[in-house]
Structures are given as C-alpha cells and as structure tokens.
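S.K.: can't give you the sequence, but here's the structure:
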C-alpha cells in the first residue's frame, strides 16, 4: 500500500467524521462563558493600600513612647474611643484620689467645650462621676474631665489615642493641664453639679469649637508657611505626609530641591528608619 | 440550505453574544469538532476537555473571524490549535519517539477500505503524542511540514521523520488488526 493511498484512507474517513459529545458539555461551556474574567486589581489601589499600611504602622510603632510630650498629632479622631476608655476609668475610679486625676475644674465655657467633645454616653457617665466626687459650692464652674489627658495618663490607652485622637482635643488639653493644678487643690467630695448644667453649658460649644478649630488651622498653616509649594510629586507626597505625620522624622520624605528627580531622604517606618540628612 | 450557510447565519448572533445562538452553533458543530479533538487526544474525556476550551475560545474570539475561509473551518482551526496548545502546555517538549530503522513493510494485498472511522481513531489514539499530532496535522488537517515545525517548535526534518514513523506504526497495527479479525473470522 502506497503512502498516498494510505493517507487518503485516513483523510476520507475523518473528513466528515462526527462523534456526539456528552450531553452536559454545553452547560459546562455556558457556565464558563458566564463567569466574567477576573478583574485586574489596579496597581494604584495596591500602592494606596501599601501607603496606608505604612502610615498606620509607622505612627503606631513610633508614637507609643512619646505621646505625653510630643502630643497626639494625628487628626480626625472621632473622640468616641477615648471617651469610652475614659468612661471606664472614671467609673472604675471610685476612690476620690483617682477621680482627682481625671477631673479638672474649668471655667464655664471651657467646661462646655469639654462636654461637647464627649459623646452623650460619656457625658452621662461623667456627670455621675463629678456629682459624686466634686463640688462647686457657690461658683459657676462646672466640673469636667479632660478626656485626652485622662486617656494619656493610662498607659495602655496610648495606642488607641495614637490612632484616633483629634487635634481639637489635643489643643484643649493644653488649657486643661494648666487648669488641672487648681483642680487638684480643690476639695473633692461633696455634692452635685447637676447634669443639667453640663447640658446647658453645651450651648456655648459651637462658638468655642469654631475658635478652637480656627486657631488650630492657623497653627498648622504656620507649619507649612516655610514650604515652597507643591512643584512635583515629591512635594505632594511631602505635603500629604506632613499633614498626616507631624513628627520631625516623617515616615517618608523626599528631597525635592533637585528638580530632575525626587530623592528619598527620610524614612521612618516603625523599626526601620533611614535618614539621609537632618532637616529642620 | 446547506449546513455552512446555516452556520454563517448564526455568526451575527454569536458576535452579539446571544447565548441562544451560541448554543445553536454549538449544537450544529459540536459532533464534528469532537471528532477533530478525539484524534488529538488519548481518550474522549481529554477530547471533551479541549472541545470545551475550544468553544470558549470560539465565542471569545468570534469578532476576530474576518470571513476569509469558511466559518466551520475557522472553528476547526481553533479546535486543532487548542488541542496542540494543551499538549505544549502539558509536555515541555513533545514526546518524540526515536526512529527505528527497518520496520516491517506491510503486505500489499490487504483491503483497507473495510476499516471504519472508529477503528482508525482507535489506532491514532494509540500513537505516542508526537506521532499522533504530526500525523493528524499533516495527513488530515493538511498542514505542511514547515507549518507543523513552526507550530510544535520542532525542525522540519523531525516533523517528516515523525510522520513516516507514525505511518509505519499505523500500517503495522492495521495488519495486526486484520490478522486477528481474519483469524476470528476463519476460526
């Protein structure tokens, strides 16, 4: 048999050959056709997520040791967590001595500000605490607690504070500290300071908050007054990082004086630090 | 109305992604295409796997069909390419069997025409992968050795020698088969 003959045998046999596939094969194909191709995860999302993780990690690791002096710099906290922590402390602190730490005497407007910084729940706790341990005989002062400070004074609350405190609260804290000395000397014990007063005082808050915010913004603007504006990506990163990370050694910082390329001069991510030169 | 015009009528619906029309196209062509895939596979399961992959490609790439050549031929080509690809994926190098010289020449008096498609298919599926693919591509699909060499990443000479070896093996197998059939018939 010649090759040609042989080849033709095969090709003719298979030319119109048909073999029925399994009955369920189409449904398998249909299933595959219905599943959409996997969406590619955008690279910039990954980058953004990485930066977020880096910021969080950097701030978390680094600020645990220096909150009292350095202050809490991350803004935008909802202040909910600290008050809750505080509330626990306040309730648990049934001895007058401890209450002393946490209770500060302020003038009426100041107290009002504090009161509003607290969520309602905390306020209620608060009123109870102050009515039990503090008094304001014949004066208009309200007994209030400085939440940020109280939280800071409790070691294990630092982490939470580092993540969530608000600049506004931090700002107020300074005032509180000065007031606090007086508070300690005041006789604790005795009665009252009704809840109503706290609530009434809250009316003043709006105005005071505005002032507080205003001065705060002014302060942060001063911080940036010396910068030369945003000319490139490095500046942009520096600006954003500066907004978020108030430490001297930012978690990441670029040198933007050379126009060709922004070069990295500072890294401060938790355990890993790198600083090319001292700046500021 | 011939089958091919019917298939061509389905082209637009498939391009539009109409699932019903896609199913009609499948129903019209699947048996033929499975016969193609079967020649490249060792068994029906393997063949149906590559048939499935092939149809998914057909529907995904339907807009790339420009109308040069028959629609059915285009589908068939995708099936063949899918079958080849799965082999190239599974085996880094095609399992080319060394050539033994001096194989037995089959007798010439045998009537091959008695052999049916299923018999031949069985023989082809029994070939080693390299033989089977080269034999299919050359004898049945009609590719040149040059095209086969390019598609499989082998030399033209290798393609030629694989083909001639595949032929020889098949002829031997046919004689064996005929012998046993004859023996059964005679006995």
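M.R.: Good, I have the coordinates. Because the structure is predicted, anything quoted here is derived from the model rather than measured.

S.K.: right, and the helix or strand after the lowest-mean-pLDDT helix or strand in chain B?
M.R.: Lowest on mean pLDDT, DSSP states H and E among the helices and strands of chain B sits helix B:3-15, with a mean of 77. Sequence order places helix B:19-40 as the next helix or strand after helix B:3-15, per DSSP states H and E.

S.K.: Looking at chain B, which helix is longest?
M.R.: Secondary structure assigned by DSSP state H gives helix B:156-186 as the longest helix of chain B.

S.K.: what separates residue B:25 from residue B:37, distance-wise?
M.R.: Distance, residue B:25 to residue B:37, using Cβ to Cβ, to the nearest Å: 16 Å. All C-beta atoms are positioned from the backbone trio N, CA, C, and that covers glycine.

S.K.: what does residue A:8 give?
M.R.: Following Cβ to Cβ, the distance that separates residue A:8 from residue B:37 is 22 Å.

S.K.: Between those two, tell me which one has more neighbours.
M.R.: Neighbour comparison, residue A:8 and residue B:37: the larger count goes to residue B:37, with 27 against 14 (by other Cβ atoms under 10 Å in any protein chain shown).

S.K.: who touches that one in this structure?
M.R.: Residue B:37 is in contact with B:47-48, B:50-51, B:54, B:79, B:82-83, counting by Cβ atoms under 8 Å, 6 or more residues apart in numbering or on different chains.

S.K.: Out of these, grab the one that's most surrounded.
M.R.: Going by other Cβ under 10 Å, residue B:51 tops those with 29 neighbours.

S.K.: Figure out the helix or strand that it lives in.
M.R.: Using DSSP H and E, residue B:51 falls within helix B:44-60.

S.K.: Can you give the contact residues for that helix?
M.R.: Defining contact as Cβ under 8 Å, 6+ apart, one finds that helix B:44-60 is touched by A:19, A:21-22, A:25, A:28-29, A:32-33, B:14, B:17, B:22, B:25-26, B:30, B:33-34, B:37-38, B:40-41, B:75, B:78-79, B:82-83, B:86.

S.K.: Please work out the angle formed by the directions of the next helix-or-strand element following that helix and helix B:19-40.
M.R.: Counting by DSSP H and E, the next helix or strand C-terminal to helix B:44-60 is helix B:71-90. Computed with axes from the mean of the first three to the mean of the last three Cα atoms, to 10 degrees, the direction of helix B:71-90 lies at 60 degrees from that of helix B:19-40.

S.K.: For helix B:71-90, name the packing helices and strands.
M.R.: Under the contact criterion of 3 or more Cβ pairs under 8 Å, 6 or more residues apart in numbering or on different chains; DSSP states H and E, helix B:71-90 touches helix B:3-15, helix B:19-40, helix B:44-60, helix B:129-135, helix B:145-152.

S.K.: Extract the residue ranges of chain A that are flagged as low pLDDT.
M.R.: Scanning chain A for pLDDT under 70 picks out the ranges A:1, A:36-41, A:63-229, A:256-280.

S.K.: May I see the domains of it written out as residue ranges?
M.R.: Taking automatic domain parsing as the reference, chain A has its domains at A:77-216, A:226-275.

S.K.: quick one on the thing from earlier: so which of the helices and strands packed on helix B:71-90 is nearest residue B:163?
M.R.: For the helices and strands packed on helix B:71-90, proximity to residue B:163 was assessed by Cβ to Cβ; helix B:129-135 is nearest, at 5.2 Å.

S.K.: Now do the same contact list for residue B:71.
M.R.: Residues in contact with residue B:71, defined by Cβ under 8 Å, 6+ apart, are B:4, B:7-8, B:11, B:65.

S.K.: what about 10 Å?
M.R.: Residues counted as contacts of residue B:71 (Cβ atoms under 10 Å, 6 or more residues apart in numbering or on different chains) are B:4-5, B:7-11, B:14, B:25, B:29, B:58, B:62, B:65.
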